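Undergrad: here is the input, now give the coordinates:
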Amino acid sequence: MKIFNTYLILINTFGFVLILIDKVKACKNKWRIKENTLLFISIIGGSIGELLSMLLFHHKTKKNKFIIFIPLLIIIQVIIYLYLKNRS
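TA: You can find the predicted model right below:
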């Protein structure tokens, strides 16, 4: 479980930073990170970091697929995490 917790910390930090990078690039009208990439990072565990970054930097907060999908993923991932934690 310790390795899994370390993974979650790293992937959420990565997701947080990716949203920040995309926000900076958006402000400078530069090449952006694909939305599918951001959503993929959420799916593999980075949803909490991405949601915090979205709210903190006001980025992707008008995109329904982010506003609906990421909180839904968080709920699913928390349930899975609690299930796995109780099994070990």
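
Undergrad: what's the separation between residue 39 and residue 1?
TA: 26 Å (Cβ to Cβ, to the nearest Å). Every C-beta, even on glycine, is put in place using the N, C-alpha and C of the backbone.

Undergrad: brain fart, residue 73
TA: 21 Å.

Undergrad: and what of residue 48?
TA: Relative to residue 1, and taking Cβ to Cβ, residue 48 is found at 17 Å.

Undergrad: and stretch 49-62, how far from the chain's centre?
TA: Averaging C-alpha positions (Cα atoms, centre = their mean, to the nearest Å) puts stretch 49-62 9 Å from its chain's average.

Undergrad: can you check stretch 29-39 too?
TA: Here the centre of stretch 29-39 is set off from its chain's centre by 13 Å, with Cα atoms, centre = their mean.

Undergrad: neighbouring contacts of it?
TA: For stretch 29-39, the external contacting residues (Cβ atoms under 8 Å, 6 or more residues apart in numbering) are 15, 18-19, 21-22, 25-26, 50, 60, 63, 65-66, 69.

Undergrad: just the C-alpha atoms of whichever strand or helix holds residue 82, please, in PDB.
TA: Per DSSP states H and E, residue 82 falls inside helix 64-87. Taking Å, rounded to 0.1, in the frame of the first residue of the first chain, the C-alpha atoms of helix 64-87 are listed here in PDB:
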ATOM      1  CA  ASN A  64     -18.100  20.600 -18.900                       C
ATOM      2  CA  LYS A  65     -16.000  17.500 -19.500                       C
ATOM      3  CA  PHE A  66     -13.600  18.600 -16.900                       C
ATOM      4  CA  ILE A  67     -16.100  20.000 -14.400                       C
ATOM      5  CA  ILE A  68     -18.200  16.800 -14.500                       C
ATOM      6  CA  PHE A  69     -15.700  14.100 -15.300                       C
ATOM      7  CA  ILE A  70     -12.900  14.900 -12.800                       C
ATOM      8  CA  PRO A  71     -15.100  15.100  -9.700                       C
ATOM      9  CA  LEU A  72     -16.900  11.900 -10.800                       C
ATOM     10  CA  LEU A  73     -13.500  10.200 -11.200                       C
ATOM     11  CA  ILE A  74     -12.500  11.400  -7.700                       C
ATOM     12  CA  ILE A  75     -15.500   9.800  -6.200                       C
ATOM     13  CA  ILE A  76     -14.800   6.500  -8.000                       C
ATOM     14  CA  GLN A  77     -11.100   6.600  -7.200                       C
ATOM     15  CA  VAL A  78     -11.800   7.300  -3.500                       C
ATOM     16  CA  ILE A  79     -14.200   4.300  -3.300                       C
ATOM     17  CA  ILE A  80     -11.600   2.100  -5.000                       C
ATOM     18  CA  TYR A  81      -8.800   3.400  -2.700                       C
ATOM     19  CA  LEU A  82     -10.900   2.700   0.400                       C
ATOM     20  CA  TYR A  83     -11.800  -0.700  -0.800                       C
ATOM     21  CA  LEU A  84      -8.200  -1.600  -1.400                       C
ATOM     22  CA  LYS A  85      -7.100  -0.100   1.900                       C
ATOM     23  CA  ASN A  86      -9.600  -2.200   3.800                       C
ATOM     24  CA  ARG A  87      -8.600  -5.400   2.000                       C
END
